[in-house]
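[1] sequence first, then the predicted structure:
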Amino acid sequence: MHGNARRKSENLISMNSITGDAEDTIFGDSVIRILTQPSNSSAANNSAVTFTVNAIIYPTANTLNYRWQRAANSSAAFVDLTNTGTYGNTTNATLTIANNTIAAGGGGLSNSIFRCTMSGPSISANVVTANATLTTV
(Lines give C-alpha, C1' and ligand atoms only; values in the text may rest on other atoms or scores of the structure.)
Protein backbone atom coordinates (compact mmCIF):
# COMPACT_ATOMS: atom_id res chain seq x y z
CA MET A 1 0.00 0.00 0.00
CA HIS A 2 1.73 3.08 -1.27
CA GLY A 3 5.16 1.71 -0.27
CA ASN A 4 4.34 1.49 3.48
CA ALA A 5 4.60 -1.83 5.31
CA ARG A 6 1.67 -2.80 7.49
CA ARG A 7 1.81 -5.13 10.42
CA LYS A 8 -1.06 -6.67 12.17
CA SER A 9 -0.72 -8.96 15.16
CA GLU A 10 -3.09 -10.63 17.53
CA ASN A 11 -2.43 -12.55 20.76
CA LEU A 12 -4.77 -15.36 21.64
CA ILE A 13 -4.58 -16.78 25.15
CA SER A 14 -6.62 -19.63 26.53
CA MET A 15 -6.90 -19.81 30.31
CA ASN A 16 -9.27 -22.14 32.06
CA SER A 17 -8.52 -21.09 35.65
CA ILE A 18 -9.59 -17.44 35.46
CA THR A 19 -13.22 -16.48 35.41
CA GLY A 20 -14.70 -13.15 34.51
CA ASP A 21 -13.81 -10.62 31.90
CA ALA A 22 -12.16 -7.85 33.93
CA GLU A 23 -9.77 -5.81 31.84
CA ASP A 24 -6.43 -4.68 33.21
CA THR A 25 -6.69 -7.16 36.07
CA ILE A 26 -3.57 -9.00 37.12
CA PHE A 27 -4.06 -12.58 38.23
CA GLY A 28 -0.91 -13.52 40.10
CA ASP A 29 0.48 -17.00 40.46
CA SER A 30 2.24 -18.13 43.60
CA VAL A 31 5.17 -20.48 43.72
CA ILE A 32 6.66 -22.08 46.84
CA ARG A 33 10.34 -22.95 46.79
CA ILE A 34 11.83 -25.13 49.54
CA LEU A 35 15.34 -23.92 50.35
CA THR A 36 16.12 -26.38 53.18
CA GLN A 37 14.26 -29.61 53.93
CA PRO A 38 13.68 -30.82 57.51
CA SER A 39 16.35 -33.34 58.54
CA ASN A 40 16.32 -36.52 60.62
CA SER A 41 16.88 -36.04 64.33
CA SER A 42 18.20 -38.24 67.14
CA ALA A 43 17.44 -37.08 70.66
CA ALA A 44 17.56 -38.41 74.18
CA ASN A 45 14.42 -39.67 75.89
CA ASN A 46 12.36 -36.84 77.46
CA SER A 47 14.25 -34.11 75.59
CA ALA A 48 13.00 -31.30 73.35
CA VAL A 49 13.30 -31.62 69.57
CA THR A 50 12.72 -29.25 66.64
CA PHE A 51 12.18 -29.76 62.92
CA THR A 52 12.61 -26.81 60.56
CA VAL A 53 11.82 -26.09 56.93
CA ASN A 54 13.18 -23.04 55.13
CA ALA A 55 10.91 -22.01 52.26
CA ILE A 56 9.93 -18.89 50.37
CA ILE A 57 6.83 -17.98 48.40
CA TYR A 58 6.85 -15.88 45.24
CA PRO A 59 5.63 -13.20 44.96
CA THR A 60 7.06 -12.54 48.40
CA ALA A 61 4.08 -10.37 49.39
CA ASN A 62 1.94 -13.53 49.55
CA THR A 63 1.42 -15.44 52.79
CA LEU A 64 3.03 -18.85 53.20
CA ASN A 65 0.95 -21.23 55.34
CA TYR A 66 2.56 -24.16 57.19
CA ARG A 67 0.99 -27.34 58.56
CA TRP A 68 3.17 -29.98 60.25
CA GLN A 69 2.13 -33.63 60.09
CA ARG A 70 3.21 -36.88 61.80
CA ALA A 71 3.06 -40.53 60.82
CA ALA A 72 3.67 -43.01 63.66
CA ASN A 73 5.81 -45.16 61.33
CA SER A 74 6.51 -45.77 57.65
CA SER A 75 3.23 -47.64 57.10
CA ALA A 76 0.98 -45.20 58.99
CA ALA A 77 -0.95 -42.30 57.47
CA PHE A 78 0.12 -38.71 58.12
CA VAL A 79 -2.05 -36.74 60.54
CA ASP A 80 -2.12 -32.95 60.98
CA LEU A 81 -0.59 -31.83 64.29
CA THR A 82 -2.15 -29.28 66.63
CA ASN A 83 -0.58 -27.16 69.35
CA THR A 84 -0.87 -29.40 72.39
CA GLY A 85 1.31 -30.13 75.41
CA THR A 86 3.65 -32.15 73.19
CA TYR A 87 3.66 -30.09 69.97
CA GLY A 88 4.10 -26.36 69.45
CA ASN A 89 4.38 -24.07 66.41
CA THR A 90 2.49 -26.55 64.24
CA THR A 91 1.65 -23.78 61.76
CA ASN A 92 5.14 -22.22 61.64
CA ALA A 93 8.39 -23.03 59.85
CA THR A 94 9.83 -24.67 62.99
CA LEU A 95 7.93 -27.45 64.76
CA THR A 96 8.78 -27.90 68.44
CA ILE A 97 8.35 -31.15 70.30
CA ALA A 98 8.48 -30.58 74.05
CA ASN A 99 8.84 -34.15 75.23
CA ASN A 100 10.39 -36.78 72.98
CA THR A 101 9.52 -40.13 74.57
CA ILE A 102 10.05 -43.84 74.28
CA ALA A 103 6.89 -45.52 75.48
CA ALA A 104 6.17 -49.17 76.13
CA GLY A 105 4.15 -50.80 73.38
CA GLY A 106 5.32 -48.36 70.70
CA GLY A 107 3.23 -45.41 71.87
CA GLY A 108 6.17 -42.99 71.99
CA LEU A 109 7.54 -40.72 69.31
CA SER A 110 10.61 -42.76 68.42
CA ASN A 111 10.68 -43.67 64.71
CA SER A 112 7.87 -41.18 63.98
CA ILE A 113 8.05 -39.44 60.62
CA PHE A 114 7.40 -35.71 60.34
CA ARG A 115 6.79 -33.51 57.31
CA CYS A 116 5.41 -30.06 56.57
CA THR A 117 2.78 -29.17 53.99
CA MET A 118 2.74 -25.60 52.73
CA SER A 119 0.14 -23.62 50.85
CA GLY A 120 -0.44 -20.12 49.57
CA PRO A 121 -2.78 -18.09 47.37
CA SER A 122 -3.28 -19.35 43.81
CA ILE A 123 -1.60 -22.69 44.55
CA SER A 124 -3.83 -25.59 43.58
CA ALA A 125 -2.01 -28.29 45.60
CA ASN A 126 0.00 -28.22 48.82
CA VAL A 127 3.77 -28.36 48.58
CA VAL A 128 5.13 -31.12 50.82
CA THR A 129 8.61 -31.39 52.31
CA ALA A 130 10.73 -34.50 52.49
CA ASN A 131 10.11 -36.80 55.44
CA ALA A 132 12.24 -36.47 58.58
CA THR A 133 12.48 -39.30 61.11
CA LEU A 134 12.77 -38.83 64.85
CA THR A 135 14.84 -41.45 66.67
CA THR A 136 14.85 -41.55 70.47
CA VAL A 137 18.13 -42.76 71.96
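    Structure received.
[2] who's in contact with Thr36?
    Thr52, Val53, Asn54 (C-beta atoms under 8 Å, 6 or more residues apart in numbering). Where C-beta positions appear, they are placed from N, C-alpha and C, glycine not excepted.
[3] can you give me the pLDDT of it?
    Per-residue pLDDT puts Thr36 at 97.
[4] still on that earlier bit, which of the contacts of Thr36 has the most neighbours?
    Among those, Val53 has the most neighbours (other C-beta atoms under 10 Å), with 24 neighbours.
[5] now do the contacts for it.
    Val53 touches Ile34, Thr36, Gln37, Pro38, Tyr66, Ala93, Thr94, Cys116, Met118, Thr129, counting by C-beta under 8 Å, 6+ apart.
[6] closest one to Asn73 out of the contacts of Thr36, please.
    Comparing the contacts of Thr36 against Asn73 with C-beta to C-beta picks out Val53 as the nearest, at 21.3 Å.
[7] just to revisit the earlier point, can I get the contacts of Val53 in JSON lines with secondary structure and distance to Asn46?
    Shown next, in JSON lines, are the contacts of Val53 (DSSP: H, G, I helix; E, B strand; the rest coil; distance: C-beta to C-beta, whole Å):
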{"residue": "Ile34", "secondary structure": "strand", "distance to Asn46": "31"}
{"residue": "Thr36", "secondary structure": "strand", "distance to Asn46": "27"}
{"residue": "Gln37", "secondary structure": "coil", "distance to Asn46": "27"}
{"residue": "Pro38", "secondary structure": "coil", "distance to Asn46": "22"}
{"residue": "Tyr66", "secondary structure": "strand", "distance to Asn46": "26"}
{"residue": "Ala93", "secondary structure": "coil", "distance to Asn46": "25"}
{"residue": "Thr94", "secondary structure": "strand", "distance to Asn46": "20"}
{"residue": "Cys116", "secondary structure": "strand", "distance to Asn46": "24"}
{"residue": "Met118", "secondary structure": "strand", "distance to Asn46": "30"}
{"residue": "Thr129", "secondary structure": "coil", "distance to Asn46": "26"}
